[in-house]
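**Student:** build me a model:
(one chain, ligands or ions: 1)
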Amino acid sequence: MTDAKPRSLYVHVPFCRTICAYCDFRRYVYRSEAADAWLKAVEKELQAREVFHPETIYIGGGTPSALNDDQLETLLSLLDPFAEEVKEYTAEVNPETVREGLAERLARHSVNRISAGFQSSSKRLLKLMNRHHTEKDMERLFASFHQAGITNISLDLMYSLPSQTSSELQEAVETAVSYGPTHLSLYSLTIEENSVFGKKGLKPCDEDTEADMYEWIAERLRQCGYRQYEVSSFEREGHSSLHNCNVWNYHDFAGIGYGAWGMEQGIRYTHSETLKGYLQDPLYHKDVNLSEREQMFESLMMGLRLVEGLDRRLFLERFDQDPVSVYPSCMERFRKEGLMDWNEERVFCTGKGYMIMNNLLEEILEEADL
Ligand code: SF4
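**Tutor:** Numbers count the residues shown, from 1 in each chain. Okay, the predicted model is just below:
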């Protein structure tokens, strides 16, 4: 069983004012004419869909706030009909693009959550990453969104950066927490071949340092009153990301715009490989039909990311099978070894299992024989 209508809607804005040195996403340096053409294509794509009312909308990128005011107004207006019953409506914002009227504009169109790229407080590391915000930009971001009534603000924080010292990391965490975000997402740097870092041959920290950094951040955030609810996500109570939880609970979501992918009725789709291709045919989807066994494995893989684990009843409802009996050999063994456990509602990794989840998933994948 799959959802009749997607529970979430994701829109990808493929423009940024500058390109970060670690970035390998689908994005272009912002040019007004290209953004105008992209908006027309998005309009066509949205018009071709029957309006539905998702629980969550997420405008990501790229940098949505890289669009100019008129373009942002057009995009938000196109999304208004979809936002009538929205519970959580997130827009990604880069701190240096915050300007007069931005927060009010987003709030007027029902946006009630901001995800901002903070990454680090170190001027040296920000420069290395080609990121341009200042402490003042961060303060302005929080002040302006709070004033507009949007108090649910998440910060992205990166670690394992090339040559990052423990004091730079600690200062970044303390500074991030001092702004009072309701949520933090942690990202360990991976160096992609096509990024500037990759081309320069830079390396992240070694694996042990990376693991130590993660442990230190997680512990510090817990001390500061944040609850970890997913591998890389921490919340102040009641502020977990509903949009991401829908994805981790394997609910369908629609993906709109060049660079977005979606998952509906067992089909995972992307758009054209190039922006030019997307502008020519915004309705083109490259589909991957997932078999039921593939969907079962993906659902388990996503669900286990959550600290509370996979929703066992939802899995049973969807696939007519109990996750514990789909992979009996691994499940029993992991339970005996104290790595996984389950109750009537959830299948979850124990603290010990959570640390080596990828290894557990590899073994389950082998048993799934996909
Ligand atoms: S803001 Fe995000 S999408 Fe844009 S260049 Fe930086 S990492 Fe890439």
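**Student:** looking at the stretch 201-350 of the chain, which residue is nearest the ligand?
**Tutor:** Nearest residue of the stretch 201-350 of the chain to the ligand: G259, at 9.1 Å (CB to the nearest ligand atom). Every C-beta, even on glycine, is put in place using the N, C-alpha and C of the backbone.
**Student:** that residue in helix, strand or coil?
**Tutor:** Under DSSP: H, G, I helix; E, B strand; the rest coil, G259 falls in the coil class.
**Student:** show me what contacts it?
**Tutor:** H12, P14, F25, R26, R27, G61, G62, H271 (CB atoms under 8 Å, 6 or more residues apart in numbering).
**Student:** do L360 as well
**Tutor:** Contacts of L360 (CB under 8 Å, 6+ apart): L304, C330, F334, L339, M340, C349, G353.
**Student:** can you rerun that using 10 Å?
**Tutor:** Residues counted as contacts of L360 (CB atoms under 10 Å, 6 or more residues apart in numbering) are M301, L304, C330, R333, F334, E337, L339, M340, C349, G353, Y354.
**Student:** before we move on, which element is it in?
**Tutor:** helix 357-368 (DSSP states H and E).
**Student:** buried set for that helix?
**Tutor:** For helix 357-368, the neighbour count (16 or more other CB atoms under 10 Å) marks M357, L360, L361, I364, A368 as buried.
**Student:** residues from the stretch 201-350 of the chain in reach of the ligand?
**Tutor:** Not one residue of the stretch 201-350 of the chain sits near the ligand, judged by CB under 6 Å from any ligand atom.
**Student:** my read: K87 touches T56, true?
**Tutor:** Yes - between K87 and T56 a contact is recorded at 6.5 Å, counting by CB atoms under 10 Å.
**Student:** the two: which has the busier surroundings?
**Tutor:** T56 (24 against 12; other CB atoms under 10 Å).
**Student:** distance of that one relative to the ligand?
**Tutor:** According to CB to the nearest ligand atom, to the nearest Å, T56 and the ligand sit 20 Å apart.
**Student:** so G303 touches R318, yeah?
**Tutor:** No - assessed by CB under 10 Å, G303 is found out of contact with R318, at 11.1 Å.
**Student:** neighbour count winner among those two?
**Tutor:** G303 (22 against 18).
**Student:** returning to that earlier point: just the ones of the contacts of L360 in helices?
**Tutor:** M301, C330, R333, F334, G353, Y354 (DSSP state H).
**Student:** and the furthest pair within these?
**Tutor:** Within the ones in helices among the contacts of L360, M301 and R333 form the most distant pair, 17.8 Å apart (CB to CB).
**Student:** more neighbours, the two?
**Tutor:** Neighbour count, other CB under 10 Å: between M301 and R333, M301 has more, with 18 against 15.
**Student:** residues contacting the residue nearest to that one when sequence neighbours are not counted?
**Tutor:** With CB to CB, 6 or more residues apart in numbering as the criterion, M301 has its nearest non-adjacent residue at 5.6 Å, and that residue is L361. L361 makes contact with F297, L300, M301, L304, R305, C330, C349, A368, according to CB under 10 Å, 6+ apart.
**Student:** which of the helices or strands spans the nearest residue to the last one once chain neighbours are set aside?
**Tutor:** Yep, that's A368 we're talking about. Take A368 and drop its neighbours on the chain: the residue closest to it by CB to CB, 6+ apart is F297, 5.0 Å away. Using DSSP H and E, F297 maps to helix 292-303.
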